[in-house]
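[1] task: produce atomic coordinates for the following.
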Amino acid sequence: TYNGSSSDIPEDQGGVMVLGSGTYRIGSSVEFDYCAVSATRSLKRNGEKTIMINYNPETVSTDYDESDKLYFEEISLERVLDIYDREQPKGVIVSVGGQQPQNIALDLHKAKVPILGTSPLKIDTAEDRYKFSTLLDSIGASQPEWKELSSLEGAKEFARKVSYPVLIRPSYVL
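    Take a look at the predicted model:
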């Protein structure tokens with residue numbers, strides 16, 4: 001409640017918080033809304049109170065009847081922590097909303113927020129290309145030759161070494 005001295009939202013803590021996808025754009029599409037809605041519906045079928053955070057009016061997850069509580073708020077660390085502090089849920093599901101929730105998963109974990117599902121440490125390993133490729137190397141999994149690069153000259157030198165075609169992929173994008 002902005003500029004207010006008290007909240008008009010009833011105090012009934014608990015349940016499970018689900019982070020939606022936020023705005024749609026390349027890399028964050030309707031499949032994430034479907035996953036968030038499916039997670040919420042499954043939780044409700046299993047008797048859990050549900051709390052959805054999402055701010056896209058064109059999603060099913062922001063329909064008032066899809067969750068027990070809907071926060072039409074941005075999916076940022078600060079805002080999610082504010083809502084977490086107020087609601088005190090059993091845990092937060094970050095793995096169904098796409099990139100935005102995954103980008104804050106590690107920081108939520110560091111803030112001692114219980115994350116339900118895949119560990120934020122494992123999400124980080126999968127999202128960070130260097131960590132992921134190093135993991136594949138450590139178990140002997142086949143993969144193209146790779147290198148972490150931060151300059152155009154370094155990229156050109158690597159491309160000359162391995163020959164074209166070359167795939168350039170940044171970290172932390174689904």
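
[2] alpha carbons only for contacts and neighbour counts from here, please
    Noted.

[3] got any ranges where the chain has weak pLDDT?
    In the predicted model, the chain carries pLDDT under 70 at residues 1-2, 9-10, 24-29, 174.

[4] pull out the buried residues from stretch 76-85.
    Across stretch 76-85, burial judged by 16 or more other CA atoms under 10 Å covers L77, V80, L81, I83, Y84.

[5] can you give me the buried ones in stretch 155-162?
    A155, F158.

[6] which residues in this structure form helices?
    Counting by DSSP state H, the chain has these helices, from start to end: 30-45, 77-87, 99-110, 120-127, 129-139, 152-162.

[7] what would the ones you listed look like in a markdown table with distance to V16?
    Shown next, in a markdown table, are the helices of the chain (distance: least, CA to CA, whole Å):
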| stretch | distance to V16 |
| --- | --- |
| helix 30-45 | 8 |
| helix 77-87 | 9 |
| helix 99-110 | 15 |
| helix 120-127 | 17 |
| helix 129-139 | 29 |
| helix 152-162 | 44 |
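
[8] those helices: which one's closest to S67?
    helix 30-45 (6.6 Å; CA to CA).

[9] out of the buried residues of stretch 76-85, flag the one nearest to G140.
    Proximity to G140 was ranked across the buried residues of stretch 76-85 by CA to CA; first place goes to L77, at 36.1 Å.

[10] okay but that closest one is in contact with L108, surely?
    Yes - here L77 reaches L108: they are 7.1 Å apart, a contact under CA atoms under 8 Å.

[11] if we can go back for a sec, for D68, find the nearest of the helices of the chain.
    Among the helices of the chain, helix 30-45 comes nearest to D68, with 8.6 Å by CA to CA.

[12] got TSV for the buried residues of stretch 76-85, with distance to Q13 too?
    TSV is the format used below for the buried residues of stretch 76-85 (distance: CA to CA, whole Å):
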residue	distance to Q13
L77	20
V80	15
L81	14
I83	11
Y84	10
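
[13] between the residues you listed, which is nearest N3?
    I83 (16.6 Å).

[14] mind listing what the closest one touches?
    By CA atoms under 8 Å, 6 or more residues apart in numbering, no residues touch I83.

[15] now N103
    Y172.

[16] same question, the one 3 residues further on
    Contacts of L106 were listed using CA under 8 Å, 6+ apart, and they are P120, L121, D124.

[17] out of those, which are buried?
    Members of the contacts of L106 classed as buried by 16+ other CA under 10 Å are P120, D124.
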